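K.L.:
Provided below are the primary sequence and the corresponding predicted coordinates.
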Amino acid sequence: MRWPLLRAAVAERSMQPTLLPGDWLLIRRSRRIRPGQVVVARHPARPALLLVKRVIRHEPGGWWLESDSPDEGVVDSRNFGPVPPSLIEGVLLLRYRRARR
């Protein structure tokens with residue numbers, strides 16, 4: 001059984017202004033995906049790499065995922081095409097910042 005929640009840190013600027021480097025995300029593992037949602041997915045060619053992207057549309061080959069800030073040297077469906085549903089880890093549930101000590 002897999003834990004229903006996943007935690008991930010935002011490292012890049014491709015989802016600005018929605019998400020910023022240093023933001024932490026709580027992801028709900030789900031296969032119910034809709035356009036407009038922010039998801040965490042595995043890169044189709046490098047499955048160890050997690051991507052945080054916005055769902056644009058469903059296509060025959062999977063989900064079309066794009067960055068909110070395309071000028072930030074993006075890695076998204078414009079580079080590798082639709083992402084198979086099996087590579088979608090889940091949907092953004094909550095964004096938070098870690099408290100500074």
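P.N.:
Done, it's in. Please read these numbers as outputs of a predicted model, since none were measured by experiment. Numbering: from 1, shown residues only.
K.L.:
any idea which residue sits dead centre in this protein?
P.N.:
Closest residue to the average C-alpha location of the chain: Val52 at 2.3 Å, with Cα atoms, centre = their mean.
K.L.:
enumerate every residue touching that one.
P.N.:
Taking Cβ atoms under 8 Å, 6 or more residues apart in numbering, we find Val52 in contact with 8, 10, 14-15, 19, 25, 38-40, 92. C-betas here are computed from N, CA, C, even on glycine.
K.L.:
do Pro70 as well
P.N.:
Shown in contact with Pro70 (Cβ under 8 Å, 6+ apart): Arg78.
K.L.:
and it, what's its pLDDT?
P.N.:
Listed pLDDT for Pro70 reads 76.
K.L.:
same check on Ser77?
P.N.:
Among the per-residue scores, Ser77 holds a pLDDT of 94.
K.L.:
got the phi/psi numbers for it?
P.N.:
Main-chain torsions, Ser77, degrees, to the nearest 10: phi -60, psi -20.
K.L.:
same question for Phe80.
P.N.:
phi -120, psi 0.
K.L.:
which residues touch it?
P.N.:
43-45.
K.L.:
in helices only, show me these.
P.N.:
The members of those all map outside helices under DSSP state H.
K.L.:
Arg42 reaches Pro85, doesn't it?
P.N.:
No. Applying Cβ atoms under 8 Å as the test, Arg42 and Pro85 come out as separate, 11.3 Å apart.
K.L.:
ok, residues contacting stretch 25-39?
P.N.:
With contacts defined as Cβ under 8 Å, 6+ apart, stretch 25-39 is touched by 2-10, 15, 18-19, 40, 52-58, 63, 65, 85, 88-96.
K.L.:
want to throw the contacts of Phe80 into TSV with distance to Ser69 and neighbour count?
P.N.:
Shown next, in TSV, are these (distance: Cβ to Cβ, whole Å; neighbours: other Cβ atoms under 10 Å):
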residue	distance to Ser69	neighbour count
His43	18	16
Pro44	21	18
Ala45	22	9
